[in-house]
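# when you get a sec, could you give me coordinates for this:
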Amino acid sequence: MSIKWTGVFPAVTTKFTANDELDFPAFDLNIEAQLEAGAEGIILGGSLGEASVLTDEEKFGLLSHTLTVVNGRVPVLLNIAESTTKKAIEVAKKAESLGAQGLMLLPPMRYNAAPDETLAFFGAIAESTSLPIMIYNNPVDYKIEVTLDMFEVLTKYDNIQAIKESTRDVSNVTRLINRFGDRFKIFTGVDPLAMESIVMGAHGWVAGLVDAFPRETVAIFRLIKENRIAEALTIYRWFLPVLELDIHAKLVQYIKLAEVATGLGTEAVRAPRLPISGAEREKVLKIINDALAVRPELPAGSWGK
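Here you go, the predicted model:
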């Protein structure tokens, strides 16, 4: 399956049982809600998916399970966030052998790699697989920026095809288009800057709060692309306080709490994360419940397959 790099690609959460095992029934419920809303791809094992606390067995088991559930309806991508080039290549090859349709790729973890080292890392992985790759550019959280000059070098790899743009500089969407035209497909990766980025030309949205609000997320994207800006803006303004939960250090806990509120998930996280409590919990719940109390009616045809 080739990837049509457009639309909403949920970065899904990983569901756990009370006994800290993978909760496949809860996971499947959410996947079906994403597909029913009109998601165009599924991304596993990102930061929101708690990839850093999954064993390899769990990660690849989740990939195989998701491929079975999705059954070719949309591409399934696995995120790679590894400390060594050797391990990243191993993950890429395993993902391809299991049937993944694509990869999302972070720079090296736990080491502030220089530009030449980062490029060598990306290049070695690209050469190890035929899978299409999205480069995840998030210098705010991961401290390594993939600059325009670095992307120029990466143009030589045909399978590096997309960028998750998370620099939090909306102007970077325009810079990328001005420099590369249509060579890279650009996905906004910061929920509270999504509308601004899509209006400026981003081709897709790697979304987080979509996990709890799939229809609203898809509706915003589609309405913008149909140039129905005023309708999209009304939904986006309603959604923004909730979307801002995506840029907090505890985004996993916050978004899982939102999933519970909308009936699309569980709150269980894996230690060292803990469920939020006390005043923090009440604050986040108020944001979610205030939004749910005035949840907008979506325009007909703005979501769904």
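# find the least confident helix or strand in the chain, judged by mean pLDDT.
Taking mean pLDDT, DSSP states H and E as the measure, helix 139-142 is the helix or strand of the chain with the lowest mean score, a mean of 92.
# wait, a helix at Q161?
No. Assessed with DSSP: H, G, I helix; E, B strand; the rest coil, Q161 is strand; it does not lie in a helix.
# just the helices in the stretch 201-305 of the chain please.
Under the criterion DSSP state H, counting those that start in this stretch, the stretch 201-305 of the chain contains helices at 214-225, 229-243, 251-261, 278-293.
# how about the stretch 51-200 of the chain?
56-70, 85-98, 115-128, 139-142, 148-154, 171-180, 194-199.
# and A26, that one's in a helix?
Yes. Using three-state DSSP, the secondary structure at A26 is a helix.
# shouldn't it be in contact with G263?
No. Assessed by C-beta atoms under 8 Å, A26 is found out of contact with G263, at 10.6 Å. Backbone N, C-alpha and C define where each C-beta goes, glycine included.
# those two: who's more crowded?
A26 (19 against 10; other C-beta atoms under 10 Å).
# for that one, which non-adjacent residue is closest in space?
K15 (4.0 Å; C-beta to C-beta, 6 or more residues apart in numbering).
# let me know the pLDDT of that neighbour.
K15 carries a pLDDT score of 98 in this model.
# heads up, I number from 591, so please use that
Yes, from this point I'll number from 591; that puts the last item at K605.
# OK, contacts around it?
Residues counted as contacts of K605 (C-beta atoms under 8 Å, 6 or more residues apart in numbering) are L612, D613, F614, A616, F617, N620, G855, T856, A858.
# what does stretch 760-776 rub up against?
595-596, 738, 741-742, 745, 750-753, 755, 778, 783, 786-787, 790-794.
# buried members of those residues into PyMOL, please.
Per 16 or more other C-beta atoms under 10 Å, the buried members of the contacts of stretch 760-776 correspond to this PyMOL selection:
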select buried, resi 595+596+741+750+751+752+753+755+778+783+787+790+792+793+794
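# one step back: out of the helices of the stretch 641-790 of the chain, which gets the lowest mean score?
The bottom spot among the helices of the stretch 641-790 of the chain, by mean pLDDT, belongs to helix 729-732, with a mean of 92.
# got the contact list for that one?
Outside helix 729-732, the residues touching it (C-beta under 8 Å, 6+ apart) are S637, L696, P697, M699, E735, V736, S756, T757, R758.
# just name the most buried of the helices of the stretch 791-895 of the chain.
helix 804-815 (a mean of 24; mean count of other C-beta atoms under 10 Å).
# could you give the angle of that one to helix 868-883?
Here the directions of helix 804-815 and helix 868-883 differ by 60 degrees (axes from the mean of the first three to the mean of the last three C-alpha atoms, to 10 degrees).
# packing partners of helix 804-815?
Other helices and strands packing on helix 804-815, by 3 or more C-beta pairs under 8 Å, 6 or more residues apart in numbering; DSSP states H and E, are strand 597-600, helix 614-627, helix 784-789, strand 794-797, helix 819-833.
# figure out which of the ones you listed is closest to E672.
strand 794-797 (19.0 Å; C-beta to C-beta).
# report pLDDT for W595.
Looking at W595, the pLDDT reads 98.
# next, it: secondary structure please.
coil.
# which of the helices of the stretch 641-790 of the chain sits most buried?
Using mean count of other C-beta under 10 Å, helix 784-789 ranks as the most buried of the helices of the stretch 641-790 of the chain, with a mean of 23.
# just the C-alpha atoms of that helix, please, in PDB.
This file holds the C-alpha atoms of helix 784-789, laid out as PDB (Å, rounded to 0.1, in the frame of the first residue of the first chain):
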ATOM      1  CA  ALA A 784      -3.200  23.000  13.500                       C
ATOM      2  CA  MET A 785      -5.700  25.300  11.800                       C
ATOM      3  CA  GLU A 786      -3.100  27.900  11.200                       C
ATOM      4  CA  SER A 787      -0.700  25.400   9.700                       C
ATOM      5  CA  ILE A 788      -3.400  23.800   7.500                       C
ATOM      6  CA  VAL A 789      -4.500  27.200   6.200                       C
END
